[in-house]
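Asks: sequence first, then the predicted structure:
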Amino acid sequence: MYSGSVGQVLIAEEFLLLALDDVSGRKTMGSESLEPALGAALIVELVLTERIRVTPADAGWRDRGRVRTLNPAPTDDPELDAVLAELQRREGAKVKDLITPLSTKADHEGTARTALGPTLRDGGARGGGGQDLGSVPDPPVHHP
């Protein structure tokens, strides 16, 4: 079974870190592209951890690409658990119809900030002055 892409770092966290400028810490792509990519990365993470599956293309035009819950148990990651709960609520929906709602959900501050949350909590990505890169008030400190 898959246990995370790099230790306990989620794919969405890795992607977001790659989408941040090394010098300024600002996003290098617009939210209209970044947010859906991060939503998709969270879905992929749940597939890889065997919490959900997506019905294959050979399932027929009505059934292909639909999300099915395999294991509703908590993942021990609050962001993944929230996405898993939403996918359970929308069981049978097509992935293409879930990515945008997951990335623009009104009750959180955006997938980018949510995805990077665990990394920030663990001190993995900090800007100058100790602020997290989600708000980007200062550029990150680089040591040679």
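Replies: Received, thanks.
Asks: what packs against whichever strand or helix holds Glu14?
Replies: Per DSSP states H and E, Glu14 falls inside helix 11-18. Here helix 11-18 touches helix 31-48, helix 111-121, going by 3 or more C-beta pairs under 8 Å, 6 or more residues apart in numbering; DSSP states H and E. All C-beta atoms are positioned from the backbone trio N, CA, C, and that covers glycine.
Asks: lowest mean pLDDT across those helices, which one is that?
Replies: Per-stretch mean pLDDT for these is lowest at helix 111-121 (a mean of 51).
Asks: which parts of stretch 78-95 are buried?
Replies: Across stretch 78-95, burial judged by 16 or more other C-beta atoms under 10 Å covers 79-84, 86-87, 94-95.
Asks: and of those, the nearest to Ile52?
Replies: Closest to Ile52 out of the buried residues of stretch 78-95 is Leu87 (5.7 Å), distances taken as C-beta to C-beta.
Asks: the bottom helix or strand of the protein by mean pLDDT?
Replies: Comparing helices and strands within the chain by mean pLDDT, DSSP states H and E singles out helix 111-121 as the least confident, with a mean of 51.
Asks: surely Ala73 forms part of a helix?
Replies: No. Counting by DSSP: H, G, I helix; E, B strand; the rest coil, Ala73 is not found in a helix; it is coil.
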